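**Student:** Sequence plus predicted model, see below.
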Amino acid sequence: MGKELGSLALDPRTGNLVIPAGESKFALGVGLWDDTVDTYQRFVQRELSAAEKRGTVSTRGSRPADETVLPVKVQIVLRPDNTYNPNAISVAAPPEHAGTDIERHLGYMYDRNLVSLGGPLRGLVSVSDHPVCCHAFIELTAPFEEQLEDEADELGSDSLRVQDTNGTVYWAAPPRLMLPWWEDLQAVVVAYSRQRRPDRILPFVGHWAPWNPGAREELVRRTEEKSFAITLRADGNSLAACYEDIRLAELMPSSRDFFDHTMQRVRELGGTATAHAEEHQGALKVFVESHAPLISPDNSTMR
């Protein structure tokens, strides 16, 4: 669990909704591609110049080769246009920089980090009327070390070089996102969503459950899909995840998964509601999305 967080904050200067910062030791990497390094270099150069004026650039160590740390904010952008993964999430320079969010695109979050963070981030972007940004930092290192030269060559470009007002040239590492621990992020976004959109079922990952005996094997015989539609059925105080007539798992209350609100909304919908699920690390993982209102279809078509 990460440190105690504040709430989401609206930046009065930019109008961006800013996610509270998580701990830097848990910061997440971003994947840069050859076609984004020029945009990234311009972003870092502008941010470095502005940070020097504000005095917010810090140094790790006392030798010239030690890292300079540049704090920045980046925008969280949903990318349904991504043909590889329509649930992809990219980061972009914030809207106060010129261009559309696609033109300001810097790189993608890694899919492995979307397993737990993707749901709350997608939900937050969908319910917010403001661009959603998060804290990040960029490590700047004097580029005369052989290792840094090799890393720059791997990206096929020298455009990751920036220069401060003293004329010192640095190599800019990819940004690292200071997002909260997933449980903390869910809690912060849930509180915001309940205030902003109380009519919607909550959008977050957060329901994991062990398979019922024989359920996984029977499911495999009926579908090869990795992600599949399911039915949530409220029965007394229990909530079952079902695929057709297969009772896959029983969702159980937990202090961290907002089971109470999901159960409440399923009951409000007549005791059944649609959701999506997938297998994750030997268990069933249920997604409940907020940007598509849950509808209870006729039982004959329910999955």
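**Tutor:** Alright, I've got the coordinates.
**Student:** Might you report the residue contacts of the residue nearest to A283 when sequence neighbours are not counted?
**Tutor:** Nearest residue to A283 in three dimensions, chain neighbours excluded: W208, at 5.1 Å (Cβ to Cβ, 6 or more residues apart in numbering). From N, CA and C alone the C-beta is placed, and that goes for glycine too. With contact taken as Cβ atoms under 8 Å, 6 or more residues apart in numbering, W208 is in contact with D257, H280, A283, L284, K285, V286.
**Student:** Would you mind measuring from the last one to L28?
**Tutor:** Going from V286 to L28 by Cβ to Cβ, to the nearest Å gives 24 Å.
**Student:** circling back: return the subset of the contacts of W208 lying in strands.
**Tutor:** H280, A283, L284, K285, V286 (DSSP state E).
**Student:** which of the residues you listed lies closest to V220?
**Tutor:** Within those, proximity to V220 (Cβ to Cβ) peaks at L284, which comes in at 12.8 Å.
**Student:** where do the strands sit along the stretch 151-300 of the chain?
**Tutor:** Assigned by DSSP state E, counting those that start in this stretch, the strands in the stretch 151-300 of the chain fall at 161-163, 169-172, 176-177, 207-209, 227-235, 238-243, 246-251, 272-280, 283-287.
**Student:** will you turn those strands into JSON lines that also has mean pLDDT and distance to L70?
**Tutor:** Output for the strands of the stretch 151-300 of the chain, formatted as JSON lines (pLDDT from 0 to 100; distance: least, Cβ to Cβ, whole Å):
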{"stretch": "strand 161-163", "mean pLDDT": "86", "distance to L70": "9"}
{"stretch": "strand 169-172", "mean pLDDT": "87", "distance to L70": "8"}
{"stretch": "strand 176-177", "mean pLDDT": "96", "distance to L70": "11"}
{"stretch": "strand 207-209", "mean pLDDT": "81", "distance to L70": "37"}
{"stretch": "strand 227-235", "mean pLDDT": "87", "distance to L70": "38"}
{"stretch": "strand 238-243", "mean pLDDT": "92", "distance to L70": "45"}
{"stretch": "strand 246-251", "mean pLDDT": "94", "distance to L70": "43"}
{"stretch": "strand 272-280", "mean pLDDT": "82", "distance to L70": "35"}
{"stretch": "strand 283-287", "mean pLDDT": "83", "distance to L70": "35"}
